[in-house]
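*Asks:* Next input, structure requested:
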Amino acid sequence: MKLKYLLFGVALISLTSFSNDNLDTKYIKATKKSNAIFQTSDGEKLIAKSDCVGCHKLDKKLIGPSYLDIAKKYPSNEKNVAYLSGKIIKGGSGVWGTIPMAAHTSLKKDDAKSMAKYILSLKK
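*Replies:* Residues are numbered from 1 along each chain as shown. Model prediction:
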């Protein structure tokens, strides 16, 4: 029994003694890590925390239009930011179909503007 433990200990020590220094480095491929940092805007954060995601998706029509479709329809300017932020707060219907968008009256005007600016920034 003591011999089994002794052999196990020797095997364990010999296996753990290998390090990267002992390996032939020509067979190891180095991979470059990406230093990309994804920053989210205030508008994107507000949308993620709100009930918008129940009706809108980034690139697919759900109940309402996708954010990309909205960005394609409206050029990014102050007039459209004001219009869309008003729609976010007051709600509405008829522009994208008969299903009405719910009002978000508790939303601050600046937050609605941040959301609208984010959506309009998605235009490719």
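*Asks:* Only C-alpha atoms from now on, for both contacts and neighbour counts.
*Replies:* OK.
*Asks:* need the helix or strand of the chain with the lowest average pLDDT.
*Replies:* Lowest mean confidence among the helices and strands of the chain (mean pLDDT, DSSP states H and E): helix 2-16, at a mean of 62.
*Asks:* Skip ahead from it and say which helix or strand is next.
*Replies:* Moving toward the C-terminus from helix 2-16, the next helix or strand (DSSP states H and E) is helix 42-49.
*Asks:* Name the residues that touch that following helix?
*Replies:* Here helix 42-49 makes contact (Cα atoms under 8 Å, 6 or more residues apart in numbering) with Val53, Asp111, Ala112, Lys113, Ser114, Met115, Ala116, Lys117, Tyr118, Ile119.
*Asks:* thought Ser85 was touching Ile119?
*Replies:* No - taking contacts as Cα atoms under 8 Å, Ser85 lies outside contact range of Ile119: 10.5 Å.
*Asks:* between those two, who's got more neighbours?
*Replies:* Set Ser85 next to Ile119 and count neighbours by other Cα atoms under 10 Å: Ile119 wins out with 25 against 22.
*Asks:* Now for the more buried one: which residues touch it?
*Replies:* Gly43, Tyr67, Leu68, Ile70, Ala71.
*Asks:* Done for today, thanks.
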